[in-house]
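Student: model the structure of this input:
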Amino acid sequence: MYVGVLELDVLLGDVRSLKQKRAVVRPVVAELRRRFEVAVAEAGNQDLHRRALVGIAAVSGDASHVREVLDACERLVAARPELELLSARQRMLGPED
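Tutor: Numbers count the residues shown, from 1 in each chain. Purely as a prediction, here's the structure:
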């Protein structure tokens, strides 16, 4: 079994309140869940208006499949015009860990 984790640090566009932030982040989280069947949540920077840390996790018996899914998730977030992807960090745990 392989577990992959992806942390995405994103900068939000014209957001002036935490309520507006939720309105931007929530649809992205929902789309990632629906399209890729991954576990995803806003995992950091909850008190900042214009920054969000989105955490994504995927599990599979094949390491390359996990990497493909996480790479596709990263591409989807990077393509969103209302977000600017500042950094992406991917980690993998396998049977030897």
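
Student: residues in contact with the lengthiest helix in the chain?
Tutor: Using DSSP state H to define each element, the chain has its longest helix at helix 18-36. The contact list for helix 18-36 (Cβ atoms under 8 Å, 6 or more residues apart in numbering) reads 12-13, 15, 38-42, 46-47, 49-50, 52, 54, 56, 58, 69, 72-73, 76-77, 80, 82-83. Every C-beta, even on glycine, is put in place using the N, C-alpha and C of the backbone.

Student: same question, stretch 72-87
Tutor: Residues contacting stretch 72-87 (Cβ under 8 Å, 6+ apart): 6-13, 24, 28, 31-32, 35-36, 38, 40, 54, 56, 88, 90.

Student: measure how far that stretch is from the centre of its chain, please.
Tutor: How far stretch 72-87 lies from its chain's middle: 9 Å, per Cα atoms, centre = their mean, to the nearest Å.

Student: what's the first-to-last distance across that stretch?
Tutor: 15 Å (Cα to Cα, to the nearest Å).

Student: buried stuff in that stretch?
Tutor: 73, 74, 77, 83, 85 (16 or more other Cβ atoms under 10 Å).

Student: please apply the same query to stretch 10-25.
Tutor: So stretch 10-25, judged by 16+ other Cβ under 10 Å, has buried residues 10, 12, 15, 21, 24, 25.

Student: need these in TSV with pLDDT and distance to residue 94, can you?
Tutor: TSV is the format used below for the buried residues of stretch 10-25 (pLDDT from 0 to 100; distance: Cβ to Cβ, whole Å):
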residue	pLDDT	distance to residue 94
10	95	28
12	93	34
15	87	38
21	91	35
24	91	34
25	92	30
